[in-house]
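Colleague: my questions are about this predicted structure, shown below with the sequence.
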Amino acid sequence: MGRSFWKILFLFLFSIFSNTVFKVNDHEVVEKLKAPEVKQTKTGWDGLFAGGLAVLLANLLRPLADYFNVPSSSFVNSIIVTLVLIIVFSLCFYINKRSKRDLYQAVDLEQFSTKRLWIRPKSFKHFFQFLFSYLLFLGLTILFFGGFIQLANVMVLFIGMLSLFFYCSPVF
């Protein structure tokens, strides 16, 4: 969890700037904080099935797409996008604060010593994969919000909100 709002917005800053870490020696505290391991199951066929189903549903629901168009000007759409940006950033900030509060309720971190640590990716490949994902969600967010300003389609706005949430949310 970042102490800085900028590290919430720009997740790649974790690998550029130092981070505060806590040294925990108590085994009981470590067990309390440890996340349960989840076994990865193969999902290749599930993903293929879901993709095919999505294409089928998209073709069947195409006639309903016109109902999501909103008659408004580009100026009004820009104001709506600005409000959506404020709401999504506030939600991301709230999730980060709530997670930090829950952590402090589970463990009193003030009793542990702190150090500054740089968290570096394992390789350039990992850095570029992360950077590509980051830029992809940023590009999708800009594309969808720009599309909503031009097209005034609520579904485009909704997908842009989801993309922005994945872009800035520390949960994902």
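Modeller: Noted; the coordinates are in hand.

Colleague: quick one: the helices in the chain, in order.
Modeller: According to DSSP state H, the chain carries its helices in the segments 5-9, 27-33, 44-61, 74-106, 124-151, 154-168.

Colleague: show me what the longest one packs onto, helices and strands only.
Modeller: I take that to be helix 74-106. Applying 3 or more Cβ pairs under 8 Å, 6 or more residues apart in numbering; DSSP states H and E, one finds that helix 74-106 makes contact with helix 5-9, helix 27-33, helix 124-151, helix 154-168. Where you see a C-beta, it was placed from the backbone N, CA and C, and this is true even at glycine.

Colleague: which parts of the last one are buried?
Modeller: Burial within helix 154-168, assessed by neighbour count using 16 or more other Cβ atoms under 10 Å, is assigned to 155-157, 159-161, 163-165, 167-168.

Colleague: tabulate the residues you listed (TSV), appending pLDDT.
Modeller: Formatted as TSV, these follow (pLDDT from 0 to 100):
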residue	pLDDT
M155	83
V156	86
L157	85
I159	85
G160	85
M161	84
S163	80
L164	81
F165	75
Y167	70
C168	71
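
Colleague: tell me the pLDDT at F75?
Modeller: Note on F75: pLDDT of 91.

Colleague: can you check I149 too?
Modeller: 91.

Colleague: any buried residues in stretch 89-104, and which?
Modeller: So for stretch 89-104, counting by 16+ other Cβ under 10 Å, buried means 89, 92, 95-96.

Colleague: nearest to F137, of those?
Modeller: Of all the buried residues of stretch 89-104, F137 sits closest to C92, with 12.6 Å by Cβ to Cβ.
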